[in-house]
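1. Starting from these lines, generate the structure:
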Amino acid sequence: MLQLKLMLQKTFAYIFLIIALLAVISVVVFLAKTSSHTSTQIQSGLSSSSGQLFQTTPTPQAKPRTKTNSYLGVPCTDNPNPKFTNDLTEIDKILKVTPNSLIASKSQDRVFLWIDTTKATKVPIYAPVDADLIKGVYKISRSIATIDYDLHFQVSCEVWFFINHISNPSDKIKKFFPKTPAANTASENFTQFSVPLHFSAGDLIGYTTGTAQAHNFDFAVFDLNHANTLIGQNGSTDSRLKNFICPFDLFPKNLKSDYYKKLDPSLIAESNCK
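-> Now for the predicted structure:
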């Protein structure tokens, strides 16, 4: 009887050991499968916590490209067809617009907007599109007795614009510029932004009274994928003449129409505002 009891105890001990061993094997197999599944998720770019895709090792197609705006010389984002969504100023206070010119000898890559001084002595200037302020100069133009700012903005790798004769920029801009105006617009007098100053469409850039005599200000837009055919010889060698476009063509239809109505009709034929 005692021997039978001992045999049963040994048998139960062996069974317990076998069950324990099987349990350990099951746990090991489960952990191995879980680890493999998680690894597969990570490699394929699936985050189990968020359910969103991310690239741990970018494929050649997804690899980010580093590009530089060939004119401004700063990193940029591709967008060959940006749309200007906000008005540049209060158009009802603009008397007329002198269009840019394809006549090479005039070297006119910008439009001139003339303030209607019977309605206002100054007008606001807004960012017409999301853009980054890349550089600018606070200067005195002795020939027109004017002290103001010339600001250059990047929209994308392909498109950039400048606004000249901003009399009083916003504090967001002004604090970065010297208090004494430069005597000219030589490149060494420009303030360069190592970290571009971003503006969203509609943000206030500042105010302008225009030039002291004519009460107008300049607005120019450039598309580096566009190439002008200039008329005549001996024009300016400024590379900007190759790429200027009619700035109003990037605005919504209603704003474009309003500005086209302000164009000096005698000069439209020589411009690229058609």
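
2. make it CA atoms for all contacts and neighbour counts henceforth
-> Will do.

3. Quick check: mean pLDDT of stretch 71-88?
-> Stretch 71-88 shows an average pLDDT of 95 in the prediction.

4. Give me the buried positions along it.
-> Buried residues in stretch 71-88, counted by 16 or more other C-alpha atoms under 10 Å: 74, 76, 84, 85, 86, 87, 88.

5. biggest separation within those residues, which pair?
-> With C-alpha to C-alpha as the measure, no two of the buried residues of stretch 71-88 lie farther apart than 74 and 87, at 26.0 Å.

6. circling back to that earlier point, what is the nearest of the buried residues of stretch 71-88 to residue 240?
-> The shortest approach to residue 240 among the buried residues of stretch 71-88 belongs to residue 74, at 16.5 Å (C-alpha to C-alpha).

7. Please report how far the closest one lies from residue 173.
-> 19 Å (C-alpha to C-alpha, to the nearest Å).

8. in stretch 86-99, what counts as buried?
-> Buried, per 16+ other C-alpha under 10 Å, within stretch 86-99: 86, 87, 88, 89, 91, 93, 94, 95, 96, 97, 98, 99.

9. I'd like to know how far residue 149 sits from residue 208.
-> Distance, residue 149 to residue 208, by C-alpha to C-alpha: 9 Å.

10. Common neighbours of the two, please.
-> Listed as contacting both residue 149 and residue 208 by C-alpha atoms under 8 Å, 6 or more residues apart in numbering are 165, 166, 167, 168.

11. can you tell me which of those are in strands?
-> Using DSSP state E, 165, 166, 168 are the members of those that sit in strands.

12. Could you pull up the residues touching the second one?
-> In this case it means residue 166. 125, 148, 149, 150, 206, 207, 208, 209, 210, 217.

13. give me that answer again for 10 Å
-> Contacts for residue 166 (C-alpha atoms under 10 Å, 6 or more residues apart in numbering) come out as 123-125, 138, 147-151, 205-211, 217-218.

14. Which entries within the residues you listed meet the buried criterion?
-> Those of the contacts of residue 166 that meet the buried threshold are 123-125, 138, 147-151, 205-211, 217-218, by 16+ other C-alpha under 10 Å.

15. so what's residue 159 closest to, chain neighbours aside?
-> residue 223 (4.6 Å; C-alpha to C-alpha, 6 or more residues apart in numbering).

16. how close does that neighbour get to residue 245?
-> Using C-alpha to C-alpha, one gets 7 Å for the distance from residue 223 to residue 245.

17. if you count what's nearby, which of the two comes out ahead?
-> residue 245 (27 against 22; other C-alpha atoms under 10 Å).

18. isn't that one right next to residue 222, touching?
-> Yes - the pair residue 245 / residue 222 is scored as a contact, 5.7 Å apart, by C-alpha atoms under 10 Å.

19. which residues do these two both contact?
-> By C-alpha under 10 Å, 6+ apart, residue 245 and residue 222 have these common neighbours: 109, 110, 159.

20. going on from the helix or strand bottoming out on mean pLDDT in the chain, what's the next piece of helix or strand?
-> In the chain, no helix or strand scores lower on mean pLDDT, DSSP states H and E than helix 2-44, which sits at a mean of 49. With elements assigned by DSSP states H and E, the helix or strand that comes after helix 2-44 is strand 67-68.

21. Number of residues surrounding the closest residue to residue 101 other than its chain neighbours?
-> What sits nearest to residue 101 in space, not counting adjacent residues and going by C-alpha to C-alpha, 6+ apart, is residue 271, at 4.4 Å. Neighbourhood size, residue 271 [other C-alpha under 10 Å]: 19.
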